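Student: Please work out how this folds:
(chains A and B)
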Amino acid sequence: MHLDDIVRALDLRVVSGEERLAAEVRGGYVGDLLSDVMANSKEGDLWITRQIHQNIIAVASLKDHAGIILIQGCQPAADTLDKARKEGVPIMVTDMPGFEVIGRVYNMIAGKKGPDPSA
Amino acid sequence: MAVWKGLTTNVLSRETAIYENSFPVEGGTYENAGHVSSQIKALLKRMKISKEVVRRAALVTYESEINICSYARSGKILLRVTPEHVTIEAIDEGQGIVDIELAMQEGYSTATDKIREMGFGAGMGWDFVTSRIFPISFVSPRRSAKAPISRWLLVSIKILMAFSLI
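Tutor: The predicted model follows:
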């Protein structure tokens, strides 16, 4: 699963990191608590949040996330956008509420990985 | 890559450093938060240090940096790399901790609303460091609950963490 597949399917607006849309998305992580995201998210995750301040770029960059989706019409702060462009971190925005975004992204990633063997 | 068992500062100081540097961290602002962690991550990556050590080192540096940004007046992160270990030491000039045992508990935090709004101060940072990274030493002079908040301690928190490379 590549980031641009998710961008197209969910009609996300890409505001930074356009050059990295071919990145592989290995999983997802949801959270607004930065310490939680730092401790528990994984490399290649697509991070879904409604935090818009510039520290999200440091977290996404340190954790090598595939990108960040800002939900519910949240727009990145100006300094967040500057930093994201400088560091090449893809930020995508959508008007959809978090529940819907998470469900759709999960289905796309889970669908790609095949049926759950434990089911 | 177990962290260490029985490793002491004496053992570490006897090892010859192949890289050593001190990175200042500005307190009271999040403007540059994560900057030192990014630098350290990039440096360790360039030294071809294992991915897992780089990941953990970046994580503890970030937590230490955020702690300095949130609570201290200023601080620094010291990075030392020897053929055997990567050590990270965070030292800050702050107000100290009133109850260290309480501060180490998951979920306990003295963060202000402003800090929490940013997504920090959930009481996860120190718990993460102490329960998953096991620092070699965590020193903080106990601050009296009655001490004026304007009283700054030259070393309010000093935490030493190490990662084995062999």
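Student: Tell me if I'm right that B:Q39 and B:P24 touch.
Tutor: No: applying CB atoms under 8 Å as the test, B:Q39 and B:P24 come out as separate, 11.3 Å apart. Using the backbone N, CA and C atoms, a C-beta is placed for each residue, glycine as well.
Student: neighbour-wise, which of those two wins?
Tutor: Between B:Q39 and B:P24, counting by other CB atoms under 10 Å in any protein chain shown, B:Q39 is the more crowded of the two (16 against 11).
Student: Enumerate every residue touching that one.
Tutor: Each residue near B:Q39 by CB atoms under 8 Å, 6 or more residues apart in numbering or on different chains is listed here: B:F23.
Student: gap between the strand or helix carrying it and the chain center?
Tutor: Using DSSP states H and E, B:Q39 maps to helix B:35-46. Its chain's average C-alpha position is 15 Å from that of helix B:35-46, according to CA atoms, centre = their mean, to the nearest Å.
Student: Give the rounded mean pLDDT of that helix.
Tutor: Summarised as a single mean, pLDDT over helix B:35-46 is 95.
Student: Now the longest helix anywhere in chain B: buried residues?
Tutor: If you go by DSSP state H, chain B has its longest helix at helix B:51-71. Residues B:53-71 are the ones in helix B:51-71 that count as buried (16 or more other CB atoms under 10 Å in any protein chain shown).
Student: That helix and chain A in contact?
Tutor: Yes: judged by CB under 8 Å from any CB of the partner chain, helix B:51-71 comes into contact with chain A through B:55, B:58-59, B:62-63, B:66.
Student: Output the contacting helices and strands for whichever helix or strand comes after that helix.
Tutor: Per DSSP H and E, the first helix or strand lying C-terminal to helix B:51-71 is strand B:74-81. Strand B:74-81 sits against strand B:19-26, helix B:35-46, helix B:51-71, strand B:85-94, with contacts defined as 3 or more CB pairs under 8 Å, 6 or more residues apart in numbering or on different chains; DSSP states H and E.
Student: The first one pairs with which strands, parallel or anti?
Tutor: So that's strand B:19-26. Strand B:19-26 pairs in its sheet with strand B:74-81 (antiparallel), by DSSP bridges.
Student: buried sites along the strand it pairs with?
Tutor: Buried residues in strand B:74-81, counted by 16+ other CB under 10 Å: B:75-77, B:79-81.
Student: Do me a favour and average the pLDDT over that strand.
Tutor: When pLDDT is averaged along strand B:74-81, the result is 95.
Student: Pull the residues that contact that strand.
Tutor: B:12, B:17-27, B:36, B:40, B:43-44, B:47, B:49, B:61, B:64-65, B:68, B:86-94.
Student: Weed out the non-buried ones from those.
Tutor: Among the contacts of strand B:74-81, those scoring as buried are B:12, B:23, B:25-27, B:36, B:40, B:43-44, B:49, B:61, B:64-65, B:68, B:86-94 (criterion: 16+ other CB under 10 Å).
Student: Lowest mean pLDDT among the helices and strands, pick that one out for chain B.
Tutor: The helix or strand of chain B with the poorest confidence is helix B:125-128; it has a mean of 74 (mean pLDDT, DSSP states H and E).
Student: Is any residue of it near chain A?
Tutor: Yes: using CB under 8 Å from any CB, helix B:125-128 reaches chain A at B:125, B:128.
Student: tell me, what residue is most central in the chain?
Tutor: The chain I'm using is chain A. Among the residues of chain A, the one closest to the centroid is A:I68, at 2.8 Å (CA atoms, centre = their mean).
Student: please go with chain B instead
Tutor: What sits nearest the mean C-alpha location of chain B, by CA atoms, centre = their mean, is B:S64, with 3.3 Å.
Student: In the sheet, which residues pair with the nearest residue in space to that one that is not next to it in sequence? Tell me.
Tutor: Distances taken as CB to CB, 6 or more residues apart in numbering or on different chains put B:A90 closest to B:S64, at 3.5 Å, once the chain neighbours are dropped. Judged by DSSP bridges, the bridge partners of B:A90 are B:I77, B:I159.
Student: ok, now how distant is B:A90 from B:F138?
Tutor: Counting by CB to CB, to the nearest Å, the separation of B:A90 from B:F138 is 10 Å.
Student: which residues do these two both contact?
Tutor: Common neighbours of B:A90 and B:F138, using CB under 8 Å, 6+ apart, are B:157-159.
Student: burial measure for the nearest residue to B:R143 once chain neighbours are set aside, as a count.
Tutor: Distances taken as CB to CB, 6+ apart place B:G96 nearest to B:R143, at 3.4 Å, with adjacent residues excluded. Applying other CB under 10 Å, we find 20 residues neighbouring B:G96.
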